[in-house]
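K.L.:
Next comes the sequence, and after it the predicted model I'd like to discuss.
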Amino acid sequence: MVYFQKMTLAGYQQIKDEIAALKKDRPRRIKLLQEARSLGDLSENTEYSTAKRELGHLQSRLRYLNKQLKYAQVIQPAASGVVDLGSRVKLAFVDDDEEVDYQVVGKLEADLAQGKVAFDSPLGQAIMKQPAGKTVTVAAPAGSYQVKIISIQ
């Protein structure tokens, strides 16, 4: 069974940009490894070990990101009037009337500091497919709370 990673177009592009940056950096890392190798005894050559490890990390990251692209399912938000992947929502926390703006994104894109909440997080699950004006209960690990969906874009 193939498991597709749902993500927004912006998240897909972000992965492509990171792959391009890593590919651009790869020749420099290879050159550093070759230069370190020419310094002599490899068993006591810290520069060689470090360059080899860093190149390995780069290659590993490239494989991981390419796999994410291979199994990506880019979702375009539809103007359906309900919260969906890619939607921007304004929420009000019922207990303290604090308002926040979030974009609902795939799990690889999630970053609360940037206002991006994963669709499969407790908050994301509670608001998905819900219309503006609805108050929903979020079942979070630290306890339940309620949010009201003020608007959807």
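P.N.:
Now that the structure is in, tell me what you want to look at. Numbers count the residues shown, from 1 in each chain.
K.L.:
any chance you could map the helices in this structure?
P.N.:
With helices called from DSSP state H, the chain shows them at 9-37, 46-70, 122-127.
K.L.:
For those helices, give me TSV that also has mean neighbour count.
P.N.:
Glycine gets a C-beta too; all of them are placed from N, C-alpha and C. Shown next, in TSV, are those (neighbours: other C-beta atoms under 10 Å):
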stretch	mean neighbour count
helix 9-37	14
helix 46-70	14
helix 122-127	20
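K.L.:
TSV for those helices, including mean pLDDT and distance to residue 112?
P.N.:
Shown next, in TSV, are those (pLDDT from 0 to 100; distance: least, C-beta to C-beta, whole Å):
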stretch	mean pLDDT	distance to residue 112
helix 9-37	92	15
helix 46-70	92	20
helix 122-127	92	9
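K.L.:
What's the local residue count around residue 5?
P.N.:
Number of residues near residue 5 (other C-beta atoms under 10 Å) recorded here: 19.
K.L.:
Let me know the distance separating it from residue 17.
P.N.:
Counting by C-beta to C-beta, to the nearest Å, the separation of residue 5 from residue 17 is 17 Å.
K.L.:
What of residue 11?
P.N.:
Here residue 11 is placed at a distance of 11 Å from residue 17 (C-beta to C-beta).
K.L.:
What of residue 80?
P.N.:
Going from residue 80 to residue 17 by C-beta to C-beta gives 29 Å.
K.L.:
So residue 30 sits against residue 52, correct?
P.N.:
No: assessed by C-beta atoms under 8 Å, residue 30 is found out of contact with residue 52, at 10.5 Å.
K.L.:
quick one: residue 62 and residue 23 touch, right?
P.N.:
Yes: counting by C-beta under 8 Å, residue 62 touches residue 23, with 7.2 Å between them.
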